[in-house]
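# Could you work out the structure for the sequence below:
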Amino acid sequence: MGVNSIIQVVGYKNSGKTTLIEKVIADLAERGLRIGTIKHHGHATKLVSLDSGTDSWKHRQAGAAASLVMNEDGALQLQAAQEQKPSLDQLLTMYQTLDLDGVLVEGFKQEDYPKLIIVKEESDLKLVDTLKQVEAIVTALPIKRVDLPVFHLNDAARISEWIITRWEKK
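Residues are numbered from 1 along each chain as shown. Next comes the predicted model:
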């Protein structure tokens, strides 16, 4: 395992991706794993700066394209204004220096990493056949597939087990 252990959680808007990731992170953390996350902000709204008025904000106001703040505990906050959106690969490269056992990625449907797909409605199953590297389905519906494991949306423990097993095989 390591930062190259990546699972994407994808699905349509309001399918429960964030809720599932919260539950899986809590389960994996309870098992002693250090998990990083990357979320695609697919909404039309801009991200809001959380550091208005601080020194790092002043650095960016003066023209810095990126500012990073670290405290004595090693917590980091990075804010960067990019002319072009960084790719998921570039974001994952940034995680290479962190001590992580794995990364859960929310969104970025078209990227080519192993995926859990959340199926909220039967019509969502079309994602299974259109996206790359679909490895499991997570749903509350009575879906049976012989080609993919199917997990219940509320079964974070089984999903975590599957993720750990998959990462250990790498």
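# most centrally placed residue in the protein?
Closest residue to the average C-alpha location of the chain: Val105 at 1.9 Å, with CA atoms, centre = their mean.
# pLDDT score for that residue?
Per-residue confidence (pLDDT) for Val105: 97.
# In contact with it: list those residues for me.
Remark: with contacts taken as CB atoms under 8 Å, 6 or more residues apart in numbering, Val105 is in contact with 6-9, 37-40, 88, 111, 113. In this view, the C-beta of every residue, glycine as well, is placed from N, C-alpha and C.
# mind saving the C-alpha coords of the helix or strand it falls within as PDB?
Per DSSP states H and E: Val105 is located in strand 102-106. In PDB, the C-alpha atoms belonging to strand 102-106 read as follows (Å, rounded to 0.1, in the frame of the first residue of the first chain):
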ATOM      1  CA  GLY A 102      -4.000   5.100   0.200                       C
ATOM      2  CA  VAL A 103      -6.000   7.800  -1.500                       C
ATOM      3  CA  LEU A 104      -9.800   7.900  -2.000                       C
ATOM      4  CA  VAL A 105     -10.800  10.100  -4.900                       C
ATOM      5  CA  GLU A 106     -14.300  11.500  -5.100                       C
END
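# Just give me the least confident of the contacts of Val105.
Ranked by pLDDT, the contacts of Val105 bottom out at His40 (91).
# what's the burial count for that residue?
Using other CB atoms under 10 Å, His40 is surrounded by 17 other residues.
# Nearest spatial neighbour of it, chain-adjacent residues omitted?
Excluding its sequence neighbours, the residue lying closest to His40 (CB to CB, 6 or more residues apart in numbering) is Gly107, at 3.1 Å.
# next one: the worst-scoring helix or strand of the chain on mean pLDDT to chain centre, how far?
Ranked by mean pLDDT, DSSP states H and E, the helix or strand of the chain with the weakest confidence is strand 76-80, at a mean of 88. Centre-to-centre, strand 76-80 and its host chain are 17 Å apart (CA atoms, centre = their mean, to the nearest Å).
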